[in-house]
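Trainee: Any chance you can model this:
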Amino acid sequence: QVQLVESGGGLVQVGDSLRLSCATSGRTFSYMAWFRQAPGKEREFVASISRYYGSTYYLDSVKGRFTISSDNTKNTVYLQMFTLKPEDTAVYYCAAASGFNNPRGESKKYEYWGQGTQVTVSS
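Mentor: Below you'll find the predicted structure:
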């Protein structure tokens, strides 16, 4: 059974840092990503990583503030978030894809999703 379990969300202040984790089990995936969805908004791509090649992609508004990484020995993907802003407030979802082609930010190409973890940045 495939599972993606996110953790690490919470309530923080503007400028704080937070690290999200996504532990996967049941299968090994080629690509992992983080998406987020704020209230009343559509889900948006945040970052992705190729677990074998290490290539990464980011939403422009998080470049330089967020870092996605993968620990393949632990089957865990991380999203390190620095200098958080109120507009980063959202439910963050982990997503996984297999295959050869890098799905980058195309949500429909991710096969499995986690349950989400809430990140709230208070001003």
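Trainee: Distance check, the spatially most central residue of the chain against residue 1.
Mentor: The centre of the chain sits closest to residue 34, judged by CA atoms, centre = their mean, with a distance of 2.1 Å. Distance of residue 34 to residue 1, computed by CB to CB, to the nearest Å: 22 Å. Every C-beta, even on glycine, is put in place using the N, C-alpha and C of the backbone.
Trainee: and what of residue 96?
Mentor: Taking CB to CB, one finds residue 96 at 13 Å from residue 1.
Trainee: re the thing from before, show me what contacts the residue nearest to the centre of the chain?
Mentor: 20, 22, 46-48, 68, 77, 79, 92-95 (CB atoms under 8 Å, 6 or more residues apart in numbering).
Trainee: Could you tell me the phi and psi values at it?
Mentor: Backbone geometry at residue 34, expressed as degrees, to the nearest 10, gives phi -120, psi 130.
Trainee: That one bridge partners, please.
Mentor: residue 47, residue 94 (DSSP bridges).
Trainee: Check residue 23 too.
Mentor: Counting by DSSP bridges, residue 23 forms beta bridges with residue 5, residue 76.
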